[in-house]
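Trainee: no sequence for this one, just the structure:
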């Protein structure tokens with residue numbers, strides 16, 4: 001059951017609650033669960049790599065609750081290759097981009113007066129599906145993957161519904177801009193073989209690779225989300241990047257990290273990592289995708305967390321006495337030299 005839960009979780013991007021419009025996961029796609037689902041997504045991590053001609057997106061979601069059957073929908077700008085990612089990817093990224101810890105020591109009675117820099121913190125019309133182009137289908141472990149093209153959101157959602165996907169009313173509207181721009185729709189479906197199987201928890205990464213002439217992380221499909229979302233996007237490129245276009249123009253993403261990595265986590269030439277975090281309290285305000293462009297400089301950045309160590313009265317007394325003895329000894333030496 002644990003194996004199925006882990007593998008199946010890669011689809012979990014939101015949920016359909018019995019009789020309720022599903023909660024679409026923030027960022028690139030939507031999760032369509034069975035009608036008996038009690039699961040929803042509340043955030044995700046994505047590693048976006050770009051070498052100048054090819055983009056690769058590796059993503060993992062955080063799921064609350066569980067669902068026995070589910071499907072996941074994601075638009076991409078060109079034909080995609082879909083594979084499973086490495087399970088350790090985001091643990092390693094979190095370790096690399098964690099704040100640098102700086103310890104500061106304060107002494108009684110000054111420890112609560114913030115005289116040594118504060119207490120810390122971060123700085124920083126046809127029949128349904130008739131007009132759909134089924135470009136490819138494949139079996140990926142327990143997943144059934146299909147790549148779709150089309151111009152009509154009615155046809156695409158009709159094909160999905162006919163082929164066993166739960167389709168909320170908002171899906172067609174949210175797919176419209178992608179279909180108008182001739183993007184491809186990747187649909188992934190899974191039903192666990194065990195009767196007690198479930199989709200839940202942190203999901204293993206799913207990897208999509210496709211041709212691209214710019215760095216983009218699709219977000220417009222997420223405007224239908226009914227719950228707030230926390231999203232972290234790691235961008236690996238030959239250079240540092242800026243978030244030149246953001247999903248919600250009223251929100252500025254927080255820079256978490258910028259620096260070149262020499263470890264095997266990133267592949268040349270995309271060895272400069274820039275990480276951003278965003279919290280979308282109102283997903284309905286999402287109107288655009290993330291787009292990343294080259295920054296003016298490749299300056300490094302790392303957050304800093306200050307940890308204050310408070311010394312007791314007796315420790316403070318020892319420091320004071322030691323200082324006085326040192327001063328007294330120095331004065332005696334000077335006096336002898338003068339004599």
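Mentor: Sure, I can see it. Owing to the predicted nature of the structure, the values given are computational and were not obtained by experimental measurement.
Trainee: for this structure, where's the lowest mean pLDDT among helices and strands?
Mentor: strand 14-15 (a mean of 34; mean pLDDT, DSSP states H and E).
Trainee: who's in contact with residue 249?
Mentor: Residues in contact with residue 249 (Cβ atoms under 8 Å, 6 or more residues apart in numbering) are 287-288. In this view, the C-beta of every residue, glycine as well, is placed from N, C-alpha and C.
Trainee: so how far is residue 103 from it?
Mentor: 40 Å (Cβ to Cβ, to the nearest Å).
Trainee: Equivalent analysis for residue 292, please.
Mentor: 35 Å.
Trainee: who's more crowded, the two?
Mentor: residue 292 (22 against 10; other Cβ atoms under 10 Å).
Trainee: Quick one: list the elements packing against whatever helix or strand the more buried one lives in.
Mentor: Assessed by DSSP states H and E, residue 292 sits inside strand 290-294. With contacts taken as 3 or more Cβ pairs under 8 Å, 6 or more residues apart in numbering; DSSP states H and E, strand 290-294 sits against strand 215-217, strand 229-237, strand 241-245.
Trainee: List the pairing partners of the longest one within its sheet, with orientation.
Mentor: Yep, that's strand 229-237 we're talking about. strand 40-50 (parallel), strand 272-280 (antiparallel) (DSSP bridges).
Trainee: and these as a markdown table, adding distance to residue 86?
Mentor: A markdown table is the format used below for the strands paired with strand 229-237 (distance: least, Cβ to Cβ, whole Å):
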| stretch | distance to residue 86 |
| --- | --- |
| strand 40-50 | 10 |
| strand 272-280 | 16 |
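Trainee: so which of the ones you listed is the most packed in?
Mentor: strand 40-50 (a mean of 23; mean count of other Cβ atoms under 10 Å).
Trainee: Which one, of the strands paired with strand 229-237, ends up nearest to residue 131?
Mentor: strand 40-50 (30.0 Å; Cβ to Cβ).
Trainee: pLDDT averaged over the closest one - what is it?
Mentor: For strand 40-50, mean pLDDT rounds to 80.
Trainee: Check stretch 269-284 too.
Mentor: Per-residue scores along stretch 269-284 average to 94.
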